[in-house]
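Chemist: Give me coordinates for this.
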Amino acid sequence: MRAAIISDIHGNRHALEAVLADVDRQAPDEIWCLGDLVGYGADPDACVQLARERSAICLAGNHDLAVTRSLAIDEFSPGAAAAVEWTQETIGADELGFLEGLRPADRREEVGLYHASPRDPIWEYVLSDLLAEMALDAAKEPIALIGHSHVALAFGRPPDGPLVGERRYPGDEVDLGDAEWLLNPGSVGQPRDGDPRAAWLLLDTQRGRAGWRRTEYDVDGAEAAIREAGLPASLGQRLHLGQ
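Modeler: As a prediction, this is how the structure comes out:
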């Protein structure tokens, strides 16, 4: 199975369309989406429609759950909360219904899919070796795909050695071998690792390989859409910084 892994789209249609075009050039068997279709960007309907049409598996992220009112926004930042409330007011009925049917975890073959982590599929940010150890302890599958942090990462724990966690950069590949893995593709719609390009992951379970990709997209167009929608200006400005 060759699967393209996307996550944290956050209503950024410009980024998602560019990534899907890039994905098509790799011709994977399936696309798996780890959630947060909506959130900070100005095109929630378009992003939900594309994810629904193109993804064989689609998870719910915390922003999706907040938009469907399954999750309170008390723990959201002011900008994130404002985007959730705006999305609740503007999202189409069909798109909202699709989000309401999603869950934050799933599996395919020997791969676990989690929006955030195997321990807490909704909220946990796995950004340290300690949290990665605990997440791997909780995982039921040898490979766990996680999103939520907006940072491209890999944590590997071989059977006879310590866990190793690293940021991952465009063109990086890992040999999965017989280790346990947490793999984060990074964010399509709002990267937070200093690289404004949209991030995604190509997973090949037959070859036991995973490779990280970045895709250029129209950041100016995404920022303009946010501004025109009346969303907080900072949500568009940060796209240029990858933060």
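
Chemist: can we go C-alpha only for contacts and neighbour counts from here?
Modeler: Will do.

Chemist: would you list every one of the helices in the chain?
Modeler: Along the chain, counting by DSSP state H, helices occupy 13-26, 44-54, 62-67, 78-90, 93-100, 129-138, 219-229, 233-237.

Chemist: quick one: contacts of the second one?
Modeler: This means helix 44-54. Here helix 44-54 makes contact (CA atoms under 8 Å, 6 or more residues apart in numbering) with 9-13, 16, 31, 33, 37-38, 58, 87, 91-92, 95, 98-99.

Chemist: one more time with 7 Å, if that's ok
Modeler: Helix 44-54 is contacted by residues Gly11, Asn12, Arg13, Ile31, Leu37, Val38, Thr87, Ile91, Gly92, Glu95 when judged by CA atoms under 7 Å, 6 or more residues apart in numbering.

Chemist: Ok, the third one next?
Modeler: Contacting residues not belonging to helix 62-67 are listed as 36-39, 71-73, 84, 87-88, 99, 122-123 [CA under 7 Å, 6+ apart].

Chemist: Pull out the buried residues from these.
Modeler: Buried members of the contacts of helix 62-67, counted by 16 or more other CA atoms under 10 Å: Asp36, Leu37, Val38, Gly39, Ile73, Val84, Thr87, Gln88, Leu99, Ile122, Trp123.

Chemist: Of those, just say which sits nearest to Leu163.
Modeler: Using CA to CA, Trp123 is the member of the buried ones among the contacts of helix 62-67 that sits closest to Leu163, with 22.3 Å.

Chemist: show me where pLDDT drops low in this structure?
Modeler: Judged against pLDDT under 70, the chain has no low-scoring part.

Chemist: if we go to 90?
Modeler: Residue ranges of the chain with pLDDT under 90: 75, 109, 160-161.

Chemist: most remote residue from it's center?
Modeler: Farthest-out residue of the chain from its mean C-alpha position, per CA atoms, centre = their mean: Asp160, at 30.4 Å.

Chemist: quick one: it and Ala179, what's the gap?
Modeler: 9 Å (CA to CA, to the nearest Å).

Chemist: ok, now which ones touch Ile5?
Modeler: Listed by CA under 7 Å, 6+ apart, the contact set of Ile5 reads Ile31, Trp32, Cys33, Pro185, Trp200, Leu201, Leu202.

Chemist: Next, count neighbours for the fourth one.
Modeler: For Pro185, the tally of surrounding residues (other CA atoms under 10 Å) stands at 33.

Chemist: No further questions, thank you.
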